[in-house]
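Novice: need a 3D model of the following:
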Amino acid sequence: MKKNKELSQKETIEETKDTDKLETSKNNETEIKEDSKKESKKDKKKKKAEEKAKAKEDLKKQEAEAKAKSKEKKVKLTPEEKAKAKEDAKKQKAEDKVKAKEDKKRLKAEKKASAKEAKRLKDRPKWTKKYFSKFSGKEKGVFQKYVDQDYKNAILRAEKLSSIDKKAYKKPILIMIPDAFNKSSKVQYRLDKKEDGTVTQIYDQSLLTALFFGESTLFYYQANIDHRSGQIACDIAGEFNYFDVVHMETKLKYDNPDKPKYLALELEVGLSDGRMIPFHLRNHRLHTDYKLPEMLTKTEQQILDLFKTRVRQEKSM
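Specialist: Below is the predicted model:
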């Protein structure tokens with residue numbers, strides 16, 4: 001019994017010792033961690049202080065370099081050099097003043113021109129109506145400017161609708177014939193007398209046909225234009241290959257053989273799929289004071305020659 005008690009007491013003492021060792025170990029670990037944290041904080045502070053000191057040093061260096069450069073620039077000038085520098089500065093100031101004055105004048109002129117153009121466009125219907133109130137008279141360039149701008153706008157629309165750009169063709173050929181913009185409109189005609197004595201027939205509404213000759217494809221575009229306002233409507237854009245043309249017919253005809261008022265020129269194109277595409281190249285109003293010099297105008301002849309030549313070349317290949 002005594003032996004058992006002694007053994008039990010020994011075991012208890014040993015367990016107590018082990019527990020004390022474990023607690024001591026834990027305390028040591030905690031102390032190490034705390035010391036590590038303290039050291040880490042110290043390192044961070046030290047590093048931060050070093051960085052701050054370095055930044056200050058760099059700033060001082062930069063300031064010193066800037067001062068050195070500034071001193072280098074401040075070179076003493078001779079009286080002659082000073083006088084020249086003063087004269088150059090004076091000259092530059094005078095030039096700047098003149099330039100500023102010119103720029104101001106130019107901007108004023110541009111503003112005035114812009115306002116004038118805006119007013120001209122606003123007054124366009126009224127001006128055109130007055131211009132066409134006389135059947136004949138001296139030519140005025142204003143109307144032609146309106147027409148040229150209308151054609152430029154139409155060509156841009158044609159390129160967008162046909163999904164082409166200037167790389168796809170060389171130069172468009174334009175044909176204009178008189179045609180009412182809508183059912184309620186009536187085309188007004190005028191004979192414009194030029195300075196050289198020649199006469200041109202113009203009209204306030206037209207049907208534009210634009211032909212874009214590509215290497216193997218013809219792109220075409222038609223639209224009605226109201227030159228009184230610049231409106232464009234009824235756009236048609238199409239294309240076909242020259243090789244697909246199976247029929248070409250040119251018609252030169254009067255609207256009424258007994259009492260003709262108009263002389264029309266048409267090119268009718270038949271395609272291999274059975275479609276017929278008409279191109280209205282002329283609808284000339286007959287007048288005793290104005291006659292066409294030839295059977296075909298230069299533009300009409302150019303279109304017929306170019307188109308038929310391209311088709312024949314494709315067929316012969």
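Novice: can you name the next helix or strand after the host helix or strand of Lys54?
Specialist: Using DSSP states H and E, Lys54 sits in helix 2-73. Toward the C-terminus, helix 2-73 is succeeded by helix 79-122 as the next helix or strand (DSSP H and E).
Novice: where does the stretch 1-150 of the chain dip in pLDDT?
Specialist: For the stretch 1-150 of the chain, the stretches flagged by pLDDT under 70 are 1-39, 41, 69-75, 117-118, 120-121.
Novice: tell me which element Ile155 falls in.
Specialist: According to DSSP H and E, Ile155 maps onto helix 141-162.
Novice: kindly calculate the angle that that helix makes with helix 79-122.
Specialist: Angle of helix 141-162 versus helix 79-122, following axes from the mean of the first three to the mean of the last three Cα atoms, to 10 degrees, is 90 degrees.
Novice: what does helix 141-162 contact?
Specialist: Residues outside helix 141-162 that contact it (Cβ atoms under 8 Å, 6 or more residues apart in numbering): 120, 124, 127-128, 131, 165-166, 172, 174, 202, 208, 210, 212, 219, 221, 223, 225, 227, 230, 232, 235, 237-239. In this view, the C-beta of every residue, glycine as well, is placed from N, C-alpha and C.
Novice: in ChimeraX, how would I select the buried members of these?
Specialist: Filtering those down to the buried ones (16 or more other Cβ atoms under 10 Å) takes a single ChimeraX command:
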select :124,127,128,131,172,202,208,210,212,219,221,223,225,227,230,232,237
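Novice: please narrow the contacts of helix 141-162 to those residing in helices.
Specialist: In helices, defined here by DSSP state H, the members of the contacts of helix 141-162 are 120, 124, 127-128, 131.
Novice: okay if I get those as a markdown table plus distance to Gln313?
Specialist: As requested, the ones in helices among the contacts of helix 141-162 are exported to a markdown table (distance: Cβ to Cβ, whole Å):
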| residue | distance to Gln313 |
| --- | --- |
| Arg120 | 46 |
| Arg124 | 44 |
| Trp127 | 47 |
| Thr128 | 43 |
| Tyr131 | 45 |
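Novice: looking at these, which one is closest to Ser185?
Specialist: Thr128 (12.5 Å; Cβ to Cβ).
Novice: could you list the low-pLDDT ranges of the stretch 151-300 of the chain?
Specialist: Applying pLDDT under 70 to the stretch 151-300 of the chain flags no residue at all.
Novice: please, where are all the strands along it?
Specialist: Applying DSSP state E, counting those that start in this stretch to the stretch 151-300 of the chain gives strands spanning 173-178, 189-193, 199-203, 205-213, 217-226, 231-241, 245-254, 262-271, 276-285.
Novice: mind putting those in TSV, distance to Ala89 included?
Specialist: TSV is the format used below for the strands of the stretch 151-300 of the chain (distance: least, Cβ to Cβ, whole Å):
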stretch	distance to Ala89
strand 173-178	58
strand 189-193	59
strand 199-203	60
strand 205-213	59
strand 217-226	59
strand 231-241	58
strand 245-254	75
strand 262-271	72
strand 276-285	69
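Novice: thinking again about what came up before, got the CA coordinates for the helix holding Ile155 in PDB?
Specialist: What follows is helix 141-162, C-alpha atoms only, in PDB (Å, rounded to 0.1, in the frame of the first residue of the first chain):
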ATOM      1  CA  GLY A 141     -23.300  82.900-109.900                       C
ATOM      2  CA  VAL A 142     -25.300  82.600-106.700                       C
ATOM      3  CA  PHE A 143     -27.800  80.100-108.100                       C
ATOM      4  CA  GLN A 144     -25.000  77.900-109.600                       C
ATOM      5  CA  LYS A 145     -23.400  77.900-106.100                       C
ATOM      6  CA  TYR A 146     -26.600  76.500-104.700                       C
ATOM      7  CA  VAL A 147     -26.800  73.800-107.500                       C
ATOM      8  CA  ASP A 148     -23.100  72.800-107.000                       C
ATOM      9  CA  GLN A 149     -23.600  72.300-103.300                       C
ATOM     10  CA  ASP A 150     -26.700  70.300-104.000                       C
ATOM     11  CA  TYR A 151     -24.700  68.000-106.300                       C
ATOM     12  CA  LYS A 152     -22.000  67.600-103.700                       C
ATOM     13  CA  ASN A 153     -24.600  66.600-101.100                       C
ATOM     14  CA  ALA A 154     -26.100  64.100-103.500                       C
ATOM     15  CA  ILE A 155     -22.800  62.400-104.300                       C
ATOM     16  CA  LEU A 156     -22.200  61.900-100.500                       C
ATOM     17  CA  ARG A 157     -25.600  60.300-100.200                       C
ATOM     18  CA  ALA A 158     -24.800  58.100-103.300                       C
ATOM     19  CA  GLU A 159     -21.500  56.900-101.700                       C
ATOM     20  CA  LYS A 160     -23.200  56.000 -98.500                       C
ATOM     21  CA  LEU A 161     -26.200  54.200-100.100                       C
ATOM     22  CA  SER A 162     -23.800  52.300-102.500                       C
END
